[in-house]
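Participant: coords please:
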Amino acid sequence: MQRKADTRSTVARKIVHLMVDDKFIDSAVREFEAVQPGVHEYVIVDAKPPYRYVRSAAIRTVARAAWADRVAQPDVGGVVLHSLPAEHHALLQAIPPGPTVIWLGWGYDYYGLVSDAFPDGLLQPASAAAVAQLHGRRERHGAMRAAELAWARPYPKPSQAELAALQRVDIFSPVLENEYALVRRHQGALRARYLRWNYGTVEDDLSLADAPAVDALEPGTNLLVGNSAAPANNHLELFELIRCRVDLGGRQLIVPLSYGDAAYRGHIERVGRQMFGDAFVPLVEFLPKQHYIELLVSCGHVLMNHVRQQALGNLVISGMLGAKLHLNPKSPIGPWLRRIGIGAHDVERLDLSPVPRAQRLAQAAALRAELNRDAQRVRTRALIDAALA
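Facilitator: Okay, the predicted model is just below:
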């Protein structure tokens, strides 16, 4: 009864969501509408449908010039930024005093804030050299270390103007709570408080309704390697580890490359085929959830060599299927997994022994408890209440 009274008291006020065309967006619309329908407006600025990923009919396109007029209206109680690409900084600056501004960070949009936390960059040497070469930063007589290091830091530090714009953010929700602490440690000027919110739920996005229970599954023999055609995957170093330490007899390397840098994707495809032949299986097209998760069932080991937080969805899905999770030891996902009681294995040591059944069951239960629909909707309610406070 109290919840209904709260809904009536806020029905006249709106939350405007600034979206991007991405595969996460439809699930976000679903969750916000499930918790409190009728108060949300979802817009994409200066983009015309049909979109590549977005399917929700609730999302509309607005012209950049109309954005400032809309967020200045007195009925706007909050503005939610679904990621913050560089071209949206001006849209952030256009939000007047008054509405609560919530930034749902995705990683790429805030890693420039914490570049000092990774003095060697996010790309390992072979990957940095390859990207430098692919993008024309190699001199006639060999790669310059300075150029490689520049590519190893793909997220530049924000300018003073960008830092000033971020002062308008009232609530900041990065992917992991320990990343919020990392940002605050390296960017004390960011005064936004923290609320946790994540895209997707176990029941709706991170599993299949008809999938067998984890205790009925035997982990597959294949390896999931990386999550995209982004250089931060550090594929080349991982390929070398696999070539030296893994007997691929009867195994396949499932390598998702459906989004990211096109030139880098082509390079990784060429190297992968040269090193592993038919065992190398690149995924270059975006797959429907059903097909993708069915592929993940075959992967008893997940190998992610990112220094930054990335591929959390893949790790959660695979972890609930009983896979062994191997991470770069510098990844902030490792401490997060350990906090919720899941062992994160060092990808540089590459121990492909199976996960004991009891551990697989505990791992799946911990992930479900953390990201199930009910838990996520409690967080969505807190976010809506904060936006309309």
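Participant: can you count the residues close to the residue nearest to residue 252 when sequence neighbours are not counted?
Facilitator: Counting by CB to CB, 6 or more residues apart in numbering, the nearest residue to residue 252 once its immediate chain neighbours are dropped is residue 222, at 4.6 Å. (Each C-beta comes from the backbone N, C-alpha and C, glycine too.) Using other CB atoms under 10 Å, residue 222 is surrounded by 22 other residues.
Participant: who touches residue 222 in this structure?
Facilitator: 251-254, 298-301 (CB atoms under 8 Å, 6 or more residues apart in numbering).
Participant: ok, which pair from the residues you listed is furthest apart?
Facilitator: 253 and 300 (12.7 Å; CB to CB).
Participant: circling back to that earlier point, pick the one among the contacts of residue 222 closest to residue 67.
Facilitator: residue 254 (40.8 Å).
Participant: what sits against that closest one?
Facilitator: For residue 254, the contacting residues are 222-225, 281, 283, 295-296, 298-299, by CB under 8 Å, 6+ apart.
Participant: So which of those residues belong to helices?
Facilitator: Under the assignment DSSP state H, these contribute 295-296 to helices.
Participant: In JSON lines, list the contacts of residue 254 along with pLDDT.
Facilitator: JSON lines is the format used below for the contacts of residue 254 (pLDDT from 0 to 100):
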{"residue": "222", "pLDDT": "97"}
{"residue": "223", "pLDDT": "98"}
{"residue": "224", "pLDDT": "98"}
{"residue": "225", "pLDDT": "98"}
{"residue": "281", "pLDDT": "98"}
{"residue": "283", "pLDDT": "98"}
{"residue": "295", "pLDDT": "93"}
{"residue": "296", "pLDDT": "94"}
{"residue": "298", "pLDDT": "95"}
{"residue": "299", "pLDDT": "96"}
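Participant: Out of the contacts of residue 254, the closest to residue 65 would be?
Facilitator: residue 283 (39.6 Å).
Participant: Is that closest one in contact with residue 258, as I believe?
Facilitator: Yes - in terms of CB atoms under 8 Å, residue 283 counts as a neighbour of residue 258; the distance is 5.7 Å.
Participant: Where does pLDDT dip in the stretch 1-150 of the chain?
Facilitator: 1-11, 137-150 (pLDDT under 70).
Participant: can you tell me the helix or strand for residue 78?
Facilitator: Using DSSP states H and E, residue 78 sits in strand 76-82.
Participant: ok, residues contacting that strand?
Facilitator: Counting by CB under 8 Å, 6+ apart, 10, 13-20, 22, 24-25, 28, 70-71, 88, 92, 95, 98-104, 169, 383, 386-388 sit against strand 76-82.
Participant: and what of stretch 288-302?
Facilitator: By CB under 8 Å, 6+ apart, stretch 288-302 touches 205, 207-208, 211, 217, 219-224, 252, 254, 283, 287, 314-315, 317-319, 321-326, 352, 354-355.
Participant: Ends of it, what's the gap?
Facilitator: 20 Å (CA to CA, to the nearest Å).
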